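1. Sequence first, predicted coordinates after that:
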Amino acid sequence: MKKQEEHFDVNDIGIPNGRFFGMPFRNNECDVVLISIPWDATVSYSEGTSKAPEKIIDASVQVDLYDEEIAGSEKFKIGTDESTIEVEGQLALVEEYIEFLNLNARSAAKKIIDRLSSGKPLTKNLLNLQDAVNQTSIIVNNLVEASCKKYYEKNIIPGVVGGEHSVAFGAIQAAAHSLKRGEKLGVLQIDAHADLRDCYEGFEYSHASVMRNVVERIENIEKLVQVGIRDFCADEAAYSSKNKKIIQFTDSAVSKRIFEGENWSEICKQMSAALPKKVYVSFDIDGLEPSLCPNTGTPVPGGLSWNHALYLLRVISREHTIVGFDLNEVAPSKEGKDEWDANVGARMLHKLSLIASQSKR
């Protein structure tokens, strides 16, 4: 590793080494460490996000590591988590163990979803499978939280790479628990969906329920600010309108304000003002325009442009401390030929890492 570090040239071509952006640095020397969570068991429409961490790593080596707006960006160090866990007396990478858990859980979840889609009630066997998926989800939440916790203890920013959006729960829980006594956490969610459903399809920790779980189950959450939301049900709308922790800047409402003369800068300042000092960013790639993520599981017309999203993140970083983040719902193309989604994901991951590390401390 030491020899690799000595020969790493930020201006040279990226060398694939199984690590994000080909960076060979020791994690304890890095500003940010990225944690791969290949989990998409509860996706309800189109699977494939469990492959995203691997594909993003592949695409990341061709990302230029200089950022014109962040001084010293070319010296920035990003690590790749290699946490292990003992499984049946053998050490395994947490990432590989979650991948194994996902295979069984996704197979069970598909049977449940197919049955529900047919309009028929679940059989006793399927109810047992549903319970098994819920229990496995708790295991994954705990693994994500533990992986993030060890970096908070070292004053390193953890970034979680999903996978479906449910992987954010353990990461946000770790962020909330890392705060000092009396501090509160705000969550900035960029997403096409509200993710406020109650136990969607019977999955307690569904990707569609993650933010409801965050506001109801995690202490120290002061505000959830949702941006880009444009696809949600009546129950979610009613729930958000009654919950004082939730502030929505829906895509429709924001677009109307811009059409009528307001500018994005002022709107971003309002989003920023709604958050407490400590902020966690949960970035679902489908919060962007579908042209930037055509293979994501549930694409929705509308959304943020690339530059609108980056401008918002930079506004947040000037007034807040971004303590952690996740990037989720990136999905490779089904044919495996188009790397566009992974390319966009890798570049957004680099921007999130830089902006988080340069946020107000």
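-> Arrived safely, thanks for sending.
2. just checking, residue 317 touches residue 357?
-> No: Residue 317 is not in contact with residue 357 according to Cβ atoms under 8 Å; the separation is 9.2 Å. C-beta: built from backbone N, CA, C; applies to glycine.
3. show me where this protein has helices.
-> 2-7, 52-60, 94-117, 124-152, 168-177, 210-217, 234-242, 251-259, 264-273, 306-319, 340-357 (DSSP state H).
4. Just send those helices back as TSV, with distance to residue 327, mean pLDDT and mean neighbour count too.
-> Shown next, in TSV, are the helices of the chain (distance: least, Cβ to Cβ, whole Å; pLDDT from 0 to 100; neighbours: other Cβ atoms under 10 Å):
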stretch	distance to residue 327	mean pLDDT	mean neighbour count
helix 2-7	25	58	10
helix 52-60	8	96	24
helix 94-117	15	95	18
helix 124-152	14	97	18
helix 168-177	10	98	26
helix 210-217	14	98	21
helix 234-242	23	97	14
helix 251-259	19	98	14
helix 264-273	19	98	15
helix 306-319	11	97	18
helix 340-357	5	97	23
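5. Tabulate the ones you listed in JSON lines, adding columns for distance to residue 196.
-> Shown next, in JSON lines, are the helices of the chain (distance: least, Cβ to Cβ, whole Å):
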{"stretch": "helix 2-7", "distance to residue 196": "44"}
{"stretch": "helix 52-60", "distance to residue 196": "23"}
{"stretch": "helix 94-117", "distance to residue 196": "19"}
{"stretch": "helix 124-152", "distance to residue 196": "17"}
{"stretch": "helix 168-177", "distance to residue 196": "13"}
{"stretch": "helix 210-217", "distance to residue 196": "5"}
{"stretch": "helix 234-242", "distance to residue 196": "4"}
{"stretch": "helix 251-259", "distance to residue 196": "16"}
{"stretch": "helix 264-273", "distance to residue 196": "18"}
{"stretch": "helix 306-319", "distance to residue 196": "21"}
{"stretch": "helix 340-357", "distance to residue 196": "23"}
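6. Compare those and give me the one nearest residue 328.
-> helix 168-177 (6.5 Å; Cβ to Cβ).
7. looking at the helices of the chain, which is closest to residue 287?
-> The nearest among these, by Cβ to Cβ, is helix 306-319 at 7.1 Å.
8. got the angle between the closest one and helix 340-357?
-> Helix 306-319 and helix 340-357 meet at an angle of 20 degrees, taking axes from the mean of the first three to the mean of the last three Cα atoms, to 10 degrees as the criterion.
9. how about the CA coordinates for helix 306-319, as CSV?
-> Output in CSV follows, covering the C-alpha atoms of helix 306-319 (Å, rounded to 0.1, in the frame of the first residue of the first chain):
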residue,chain,number,x,y,z
TRP,A,306,-26.8,18.6,-12.2
ASN,A,307,-25.8,22.2,-11.5
HIS,A,308,-28.9,22.9,-9.5
ALA,A,309,-28.1,20.0,-7.2
LEU,A,310,-24.5,21.0,-6.8
TYR,A,311,-25.4,24.7,-6.1
LEU,A,312,-27.7,23.6,-3.4
LEU,A,313,-25.1,21.4,-1.8
ARG,A,314,-22.6,24.3,-1.9
VAL,A,315,-25.0,26.6,-0.2
ILE,A,316,-25.7,24.1,2.5
SER,A,317,-21.9,23.6,3.0
ARG,A,318,-21.3,27.3,3.6
GLU,A,319,-23.6,27.4,6.6
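10. Just give the number of residues close to the residue nearest to residue 14 when sequence neighbours are not counted.
-> Distance criterion Cβ to Cβ, 6 or more residues apart in numbering; nearest residue to residue 14, sequence neighbours excluded, is residue 61 at 3.0 Å. Residue 61 has 17 neighbours, counted by other Cβ atoms under 10 Å.
11. what's the answer for the one 3 residues further on, then?
-> Using other Cβ under 10 Å as the criterion, residue 64 is surrounded by 13 other residues.
12. Would you list the phi and psi of it?
-> phi -70, psi 130 (degrees, to the nearest 10).
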